[in-house]
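Enquirer: Please work out how this folds:
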Amino acid sequence: MAHMQNIEVLVREFLAYRGFFTSLKYFESECKSDKSKSFRVDKIIESIQVAINASDLQELRDIWKNLDNFFFSKLEQNYAEAVKKLESGIFKIYLVAAHNSGRSERIAEFFVKMANEIHAQNDWREWFYFQYCKNPEEHSTFTVYFTKSYQDTLFLSLHNFLATIFQSMPLPTLMRIESETAQIKKLQEENSKLRQRLQMTLSQQQQVQTGMVGSLGGHQHQSRQQIFMDKKTRIGNATNPNEIIPFDIQPPAHLVDDFFIIAQESLSISENQSRGFKSIIRNISSGTSPVMGRKESSQDGSKGSKRSGSVGNSRQ
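Expert: Sure, this is the predicted structure:
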């Protein structure tokens, strides 16, 4: 009750802010006449019946348009056919009521304003003859709509349909503001508490890990220092070199290091070079030198050519 009154105050404030004083006036009168302060389907049915009896086509269309925009359009697709049948029945009863009241101009107005909406619907094709029929209540197509049983059944079906929809649909946004605000505030408080607990847990884990690492490091440092002091004490107290116990230093995996290997390779290269130089010197000193042999042969050849040439020349 208090929640509904707070919403009404908000609506009045909004209407006054926008300058909708006529709407505010009607809103005030309807709030005063509404004793239950709750939603009722029978009030919608009553509004529809009033519009039908008054042959107020615009009011009837506005009521149905609001129902369609705010409720029917949010339904699943399998309810579309039922909504269309209810709409068709309501407007057909409107024509029947206008005929019973002798308002033929309202019937003509209906087909002028609604022609674009109903001309493509199969169940309205024969109804375009309604305004020209002298006794439509006796026509086989229209006679059932004039019966009270059909009209009562139609309004009862509409009542049950609306009641089912309103029970299963969520509350309007304006009515959910307060509850959703309280829910959001509650969730924010829970999140802050959980965040604090998480930070405390992380800090505690970090302190525990830091303490474990510090104690382990201190223990290792202390053990290493103790071993060093023990070794030092043994070396200082030893009088005989044989009594000196060496430190426990692990020997390298390979006794021959890389520098020794490089030195061996350099030595082999130098030996090969020296052997090459020795062989060259040996060949030079001997008569079998390929270089000296080429020189001697060339000299001999030149001398021989000169001799032959001289002999030939002397002979000539």
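
Enquirer: OK, contacts around H139?
Expert: The contact partners of H139, taken as CB atoms under 8 Å, 6 or more residues apart in numbering, are C133. In this view, the C-beta of every residue, glycine as well, is placed from N, C-alpha and C.

Enquirer: Tell me how far it lies from I118.
Expert: 18 Å (CB to CB, to the nearest Å).

Enquirer: Then S179?
Expert: 42 Å.

Enquirer: between these two, which one's more packed in?
Expert: Set S179 next to I118 and count neighbours by other CB atoms under 10 Å: I118 wins out with 17 against 11.

Enquirer: Could you report the pLDDT at the nearest residue to that one once chain neighbours are set aside?
Expert: Once flanking residues are discounted, I118 sits nearest to W124: 4.1 Å by CB to CB, 6 or more residues apart in numbering. Note for W124: predicted pLDDT of 93.

Enquirer: What is the neighbour count of W124?
Expert: Quick note: W124 (other CB under 10 Å) scores 18 neighbours.

Enquirer: just the helices in the chain please.
Expert: Under the criterion DSSP state H, the chain carries helices at the ranges 2-18, 21-33, 41-53, 57-70, 80-100, 104-118, 148-168, 173-237, 258-285, 290-315.

Enquirer: For the ones you listed, which has the smallest mean pLDDT value?
Expert: Among the helices of the chain, helix 290-315 scores lowest, with a mean of 46.

Enquirer: Please look at F111 and W124 and confirm they touch.
Expert: No - using CB atoms under 8 Å as the test, F111 is too far from W124 to be in contact (9.6 Å).

Enquirer: Distance-wise, check K134 relative to F142.
Expert: In this view, K134 and F142 are 12 Å apart by CB to CB.

Enquirer: and these two? which has more neighbours close in?
Expert: Set K134 next to F142 and count neighbours by other CB under 10 Å: F142 wins out with 20 against 6.

Enquirer: what number of residues lie near the residue lying closest to that one once chain neighbours are set aside?
Expert: Once flanking residues are discounted, F142 sits nearest to P136: 4.2 Å by CB to CB, 6+ apart. Other residues near P136 come to 20 when the count uses other CB under 10 Å.

Enquirer: mind checking how far P136 is from R106?
Expert: Distance of P136 to R106, given as CB to CB: 14 Å.

Enquirer: Quick check, pLDDT for N78.
Expert: 86.

Enquirer: Can you get me a residue count around it?
Expert: That count, for N78 with other CB under 10 Å as the rule, works out to 7.

Enquirer: From L162, how far out is it?
Expert: Separation of N78 from L162 (CB to CB) stands at 17 Å.

Enquirer: Check Y26 too.
Expert: 22 Å.

Enquirer: ditto for F70
Expert: F70 is 12 Å from L162, by CB to CB.

Enquirer: Next: F71.
Expert: 8 Å.

Enquirer: Give me the more crowded residue out of these two.
Expert: L162 (18 against 15).

Enquirer: ok now do the more buried one, which residues does it touch?
Expert: Applying CB under 8 Å, 6+ apart to L162 gives the contacts V41, I44, I45, L67, F71.

Enquirer: one more time with 7 Å, if that's ok
Expert: Each residue near L162 by CB atoms under 7 Å, 6 or more residues apart in numbering is listed here: V41, I44.

Enquirer: before we move on, what about the one 3 residues further on?
Expert: I165 is in contact with F71, L75, counting by CB under 7 Å, 6+ apart.

Enquirer: Check the gap between the residue nearest to I118 and L194 for me.
Expert: Here the criterion is CB to CB. By it, W124 lies 61 Å from L194.

Enquirer: same deal with Q121?
Expert: 58 Å.

Enquirer: burial measure for I45, as a count.
Expert: Neighbour number of I45 under other CB under 10 Å is 15.

Enquirer: what do you get for the one 5 residues further on?
Expert: V50 sits with 13 neighbouring residues when counted by other CB under 10 Å.

Enquirer: Check D68 too.
Expert: 14.

Enquirer: ok, for it, nearest residue in space, not its chain neighbours?
Expert: Per CB to CB, 6+ apart, closest to D68 is V83, 7.5 Å.
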